[in-house]
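Q: Below: sequence and its predicted model.
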Amino acid sequence: MEERPIIVKRVKKVSGGHHGGSWKVAFADFATAMMAFFLVLWLTATATPEQIEAVEGYFRDPVGFTEGGSPNPVDLEGSASVVESSQADIADQQIVIEDETIEELADTLEQRQMEQLFQDLQEQIEQSETLQEFKDQLLIDITDEGLRIQIVDRSQRPMFDSGRAQLKYYSQDILFELAKPLGAVANKLSITGHTDATPFSGRPGYTNWELSAERANTARRALVAGGVGSDQIARVVGLSDSVLFDQSNPKAPVNRRISIIVLNKKAQKDIRDNAGGQPLIDLTEPSAAERQQAQDKLESGDWFQPKPEPDAEELSW
């Protein structure tokens with residue numbers, strides 16, 4: 001009997017068929033990609049414009065990137081990577097703010113401080129019995145120079161006696177109360193005295209100009225006595241009736257007032273610059289001929305000659 005070869009048939013089985021686990025790998029890759037995508041969206045939404053610009057600069061030119069940020073794609077703060085730095089790299093990492101932007105920010109901050117002081121003064125008036133009684137004589141506003149407080153005269157209730165620079169007792173109390181919040185600020189103060197248009201006729205040569213200046217100085221002394229630093233006063237002036245509060249009635253009591261201004265930085269600078277500086281024409285500087293004459297007199301020794309004594313009856317200043 002002929003022997004037949006034994007044939008073994010091997011069948012390759014696919015485990016699970018279409019229910020295998022390869023789809024799990026694909027889904028995991030998809031979930032990872034989606035998580036990374038949402039992380040990028042979140043970081044983009046919370047990043048500052050400077051950070052976004054730095055990332056854009058790196059991806060545009062990863063090799064020669066110098067547009068800010070770190071030149072390393074991943075900087076773990078102390079990694080072993082060695083980066084050659086230069087002065088240009090250090091300069092690029094600094095955020096440069098224009099001078100105009102700094103000034104605008106400073107002005108905005110100072111404006112907020114003035115508004116806060118305005119609120120504090122209003123609260124002080126409401127809480128103080130003294131100021132509450134005379135609040136109809138207190139006018140507060142914010143001007144180009146700063147926060148202004150005006151203490152005005154009312155009918156039958158003036159700050160000063162007519163034609164005099166002595167404060168009424170209640171006017172002194174008002175200034176003492178105002179000195180508390182004003183002495184707590186770092187800004188300089190300007191004090192101005194005003195009168196109405198009624199001419200002064202008490203003393204020869206003494207006018208409303210002298211009277212308004214003396215009243216402003218009296219207010220200064222009261223504020224300093226109440227707690228304002230003497231070095232905090234930047235200006236004390238008298239303007240007579242040149243700046244009337246009530247233009248329609250020059251002799252109205254409200255024109256007689258004391259103005260106290262909490263000066264802003266710009267106003268302080270203007271006062272300081274206008275008070276000093278190099279004059280365009282200096283009449284005190286000697287001419288070349290006068291300098292030469294003084295030099296000749298010094299070299300000749302004539303300056304050492306004794307001057308004759310004046311007569312006893314001659315008036316010598």
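A: Arrived safely, thanks for sending. Everything numeric in this text was worked out from a predicted model, so none of it was measured.
Q: who's in contact with the closest residue to residue 219 other than its chain neighbours?
A: Distance criterion C-beta to C-beta, 6 or more residues apart in numbering; nearest residue to residue 219, sequence neighbours excluded, is residue 258 at 4.8 Å. For the C-beta atoms, the positions are set from N, CA and C on the backbone; glycine is no exception. Shown in contact with residue 258 (C-beta atoms under 8 Å, 6 or more residues apart in numbering): 150-151, 159, 191-194, 215-216, 219.
Q: my read: residue 207 touches residue 201, true?
A: No: proximity of residue 207 to residue 201 does not meet the contact threshold set by C-beta atoms under 8 Å, at 9.4 Å.
Q: out of the contacts of residue 258, who's nearest residue 177?
A: residue 151 (11.0 Å; C-beta to C-beta).
Q: tell me, how many neighbours does that closest one end up with?
A: Counted with other C-beta atoms under 10 Å, residues neighbouring residue 151 total 19.
Q: Do a quick rundown of the strands in the stretch 51-200 of the chain.
A: Applying DSSP state E, counting those that start in this stretch to the stretch 51-200 of the chain gives strands spanning 138-142, 146-152, 189-194.
Q: strands paired with the longest one, and their directions?
A: As defined by DSSP bridges, the strand partners of strand 146-152 come to strand 138-142 (antiparallel), strand 257-263 (antiparallel).
Q: Deepest-packed of those, please.
A: strand 257-263 (a mean of 23; mean count of other C-beta atoms under 10 Å).
Q: now the angle from that one to strand 189-194?
A: Strand 257-263 runs at 160 degrees relative to strand 189-194, counting by axes from the mean of the first three to the mean of the last three C-alpha atoms, to 10 degrees.
Q: distance between strand 257-263 and the chain's centre?
A: 19 Å (C-alpha atoms, centre = their mean, to the nearest Å).
Q: what's the answer for stretch 30-50, then?
A: 40 Å.
Q: Buried only: go through the contacts of residue 258 for me.
A: 150-151, 159, 191-194, 215-216, 219 (16 or more other C-beta atoms under 10 Å).
Q: Same list (those residues) but as CSV, adding distance to residue 293.
A: Listed next are the buried ones among the contacts of residue 258 as CSV, based on distance: C-beta to C-beta, whole Å:
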residue, distance to residue 293
150, 55
151, 56
159, 56
191, 46
192, 46
193, 47
194, 50
215, 48
216, 45
219, 50
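Q: show me where this protein has helices.
A: 22-46, 49-60, 87-92, 99-127, 129-133, 169-183, 208-226, 265-275, 288-300 (DSSP state H).
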